[in-house]
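S.K.: predicted coordinates and the sequence they were generated for:
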Amino acid sequence: MRFLGRYHRLTAVLLMGFASGLPLALTGQALQAWLTIDGVNIATIGFFGLVGTPYTFKFLWAPLMDRFEPPWLGRRRGWLVISQLALAATLFFMSGLSPSAQPFLFAQWAVLLAFLSASQDIVVDAYRADLLTDKTEHGPGISLHVFGYRIAMIVSGGIALIWADQWQSWARVYAVMAAIMFGIAVLSLVLLPRVNHGSRPLSSSAGREIVGFLAMLAGVFVGYYMARTVLSMAGFDPESSNHWIQLLFVVGEIAAALPLAWWFTRLVRFETLNASLASYFAQSGATLFLVLIVLYKLGDAFAGSLTTTFLIKGLEFTQTEVGIANKIIGIWLTIFGALLGGALMMRLRLYRALLLFGVLQLLSNLGFYVISLLGKGAWGSIVVPPFDWIFVSMHSAASLDFLLLSVVAAENITGGMGTVALVALLMALCNHRFTATHYALLSALAAVGRIYVSPVAGVLTESIGWQAFYLFSVVVALPGVLMVWHMKKPLIALGNVESAQNEID
């Protein structure tokens, strides 16, 4: 029975990994491909990366998902089903829009999609941490989560690109993704086990929690408009066609909105948020760990921020070629990297894993510089014959570039290894009383690079070109490795605590 219980838990983690990964590509690389094919310029595509902003602020509404429990289904499972049904509806609505003809409306719905996806991630991460109470299940659980996550990205990334190429319609692709997400919601309702960590972290007033959340939103809007007003008074035009000025407004608005949102929540005593964050910052080295989390995947995120646009527009690969090489084969290699990373972490302590995998991630970025320098076809290619696998088919032959495959292999294997090490760090820093908020805060900061480097990358690429951009991505990766080295003692101590807990359990 104990074996069956473990099997059920790990299967649930696998399913939720798939659910978490499916919408991510639809707000990132797949969306980027749709914009590229629709003729949107590189700088604007970079700014569209900001639709993922909710991923970096999700810890601000995570307390509500810790505090409130939907009726009948339980706190974790209830929020999962609600967010998944909302994701399905949003994807279906987006399938009726055009990014070039309705850019503002399309961006609004893309932001809503990211908000719902981030909300689902809050619950998925908390559900996994609450479900895998046995520390011996952390390694296999993380690997299965990454496996399911990457399989979903094959569907919404690689297979979606092939469908878009064949159907000549990204709208149809998004409609299909909506149907898949609806099916996931049904499976979540029927198959997911309840978790034991069902107690609320605080018995605070529900009304005060809602007021606290609304105060947080008010702080965001006040900060946003304050920054725009100050910059306009300084002589900058918010409607300027200069992409650097546009970037200045974006950075200023975010820099003003976040601290004001924090201040407003403290004024009205948003108890669950403030107590959960106070609990995290009570840990030794809490701030340094946050800096490490932001920097660790920054170079990896920088190199990957415009990969789809680079391959389609910069090197003139077809969507099918990009879908097969960078998305399908690449993501399978990421899965291999994650499984390899999970296996190595059974022998390596946390510090050594983070350092080794971080160095490998840094070196892999050089591959994109090499392919931007040598170009398409430099190492030859292999022809993939037509195929029909029922759910996806290719009616004419496509070529796979050997240099592209080599770069994709290096980047995805090392990226998967780095992801496993980073997730292990995040889980080690969580307190079970505030699992959703703690993990949301930490994973949100881990997503800072992936979201906010995108507009910088778009403007920078237009200014310095692809080759200099990818060399710069190597430099950006260096601080994360140095930060791991600098934090050797606290990381070793954290790893020792985890090992001691495993022995007790």
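M.R.: Perfect, I can see it now. The structure presented is a predicted model; accordingly, all values stated were derived computationally and were not measured. Numbering: from 1, shown residues only.

S.K.: can you list the domain ranges for the chain.
M.R.: 2-200+284-504, 203-283 (automatic domain parsing).

S.K.: from the chain's centre, how far out does stretch 468-482 sit?
M.R.: 20 Å (CA atoms, centre = their mean, to the nearest Å).

S.K.: and the contacts of it?
M.R.: 292, 295-300, 302-303, 355, 358-359, 361-362, 365-366, 368-369, 372, 453, 457, 460-461, 464 (CB atoms under 8 Å, 6 or more residues apart in numbering). Placement of C-beta: from N, CA and C, glycine included.

S.K.: what subset of the residues you listed is buried?
M.R.: 292, 295-300, 302-303, 355, 358-359, 361-362, 365-366, 368-369, 372, 453, 457, 460-461 (16 or more other CB atoms under 10 Å).

S.K.: follow-up on the earlier one: which of the domains of the chain sits most buried?
M.R.: domain 2-200+284-504 (a mean of 20; mean count of other CB atoms under 10 Å).

S.K.: tell me the mean pLDDT over it?
M.R.: Domain 2-200+284-504 carries an average pLDDT of 81.

S.K.: which residue ranges of the stretch 201-350 of the chain form helices?
M.R.: Applying DSSP state H, counting those that start in this stretch to the stretch 201-350 of the chain gives helices spanning 206-233, 243-267, 271-281, 286-296, 298-304, 307-309, 319-322, 330-344, 350-364.

S.K.: with distance to residue 96 added, can I get those helices in a markdown table?
M.R.: Shown next, in a markdown table, are the helices of the stretch 201-350 of the chain (distance: least, CB to CB, whole Å):
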| stretch | distance to residue 96 |
| --- | --- |
| helix 206-233 | 28 |
| helix 243-267 | 28 |
| helix 271-281 | 36 |
| helix 286-296 | 37 |
| helix 298-304 | 29 |
| helix 307-309 | 23 |
| helix 319-322 | 21 |
| helix 330-344 | 28 |
| helix 350-364 | 39 |
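
S.K.: quick check: residue 13 touching residue 144?
M.R.: Yes. The pair residue 13 and residue 144 qualifies as a contact (CB atoms under 8 Å) at a distance of 5.2 Å.

S.K.: isn't residue 417 up against residue 359?
M.R.: No. Contact criterion CB under 8 Å: residue 417 and residue 359 do not qualify, at 10.7 Å.

S.K.: the closest residue to residue 299 other than its chain neighbours: which element?
M.R.: Excluding its sequence neighbours, the residue lying closest to residue 299 (CB to CB, 6 or more residues apart in numbering) is residue 477, at 2.2 Å. Using DSSP states H and E, residue 477 falls within helix 466-486.

S.K.: between that helix and helix 350-364, how big is the angle?
M.R.: 170 degrees (axes from the mean of the first three to the mean of the last three CA atoms, to 10 degrees).

S.K.: can you map out the strands along the stretch 351-500 of the chain?
M.R.: 381-384, 387-388, 393-394, 398-401 (DSSP state E, counting those that start in this stretch).

S.K.: which residues touch residue 191?
M.R.: By CB under 8 Å, 6+ apart, the neighbours of residue 191 are 11, 12, 15.

S.K.: returning to what we had before: now the helix holding residue 477 against helix 286-296, angle please.
M.R.: 150 degrees.

S.K.: with just CA atoms, put helix 466-486 into PDB.
M.R.: This file holds the C-alpha atoms of helix 466-486, laid out as PDB (Å, rounded to 0.1, in the frame of the first residue of the first chain):
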ATOM      1  CA  TRP A 466      23.400  38.700 -32.800                       C
ATOM      2  CA  GLN A 467      27.100  37.800 -32.400                       C
ATOM      3  CA  ALA A 468      27.900  40.500 -29.800                       C
ATOM      4  CA  PHE A 469      24.500  39.700 -28.100                       C
ATOM      5  CA  TYR A 470      25.400  36.100 -27.500                       C
ATOM      6  CA  LEU A 471      29.000  37.000 -26.300                       C
ATOM      7  CA  PHE A 472      27.300  39.300 -23.800                       C
ATOM      8  CA  SER A 473      25.100  36.500 -22.600                       C
ATOM      9  CA  VAL A 474      28.200  34.600 -21.500                       C
ATOM     10  CA  VAL A 475      29.400  37.600 -19.400                       C
ATOM     11  CA  VAL A 476      25.900  37.900 -17.900                       C
ATOM     12  CA  ALA A 477      26.100  34.300 -16.700                       C
ATOM     13  CA  LEU A 478      29.400  34.800 -14.800                       C
ATOM     14  CA  PRO A 479      27.900  36.600 -11.700                       C
ATOM     15  CA  GLY A 480      25.700  33.600 -10.900                       C
ATOM     16  CA  VAL A 481      28.600  31.200 -10.800                       C
ATOM     17  CA  LEU A 482      30.600  33.700  -8.700                       C
ATOM     18  CA  MET A 483      27.700  34.000  -6.300                       C
ATOM     19  CA  VAL A 484      27.600  30.200  -5.800                       C
ATOM     20  CA  TRP A 485      31.300  30.200  -5.000                       C
ATOM     21  CA  HIS A 486      30.900  33.200  -2.600                       C
END
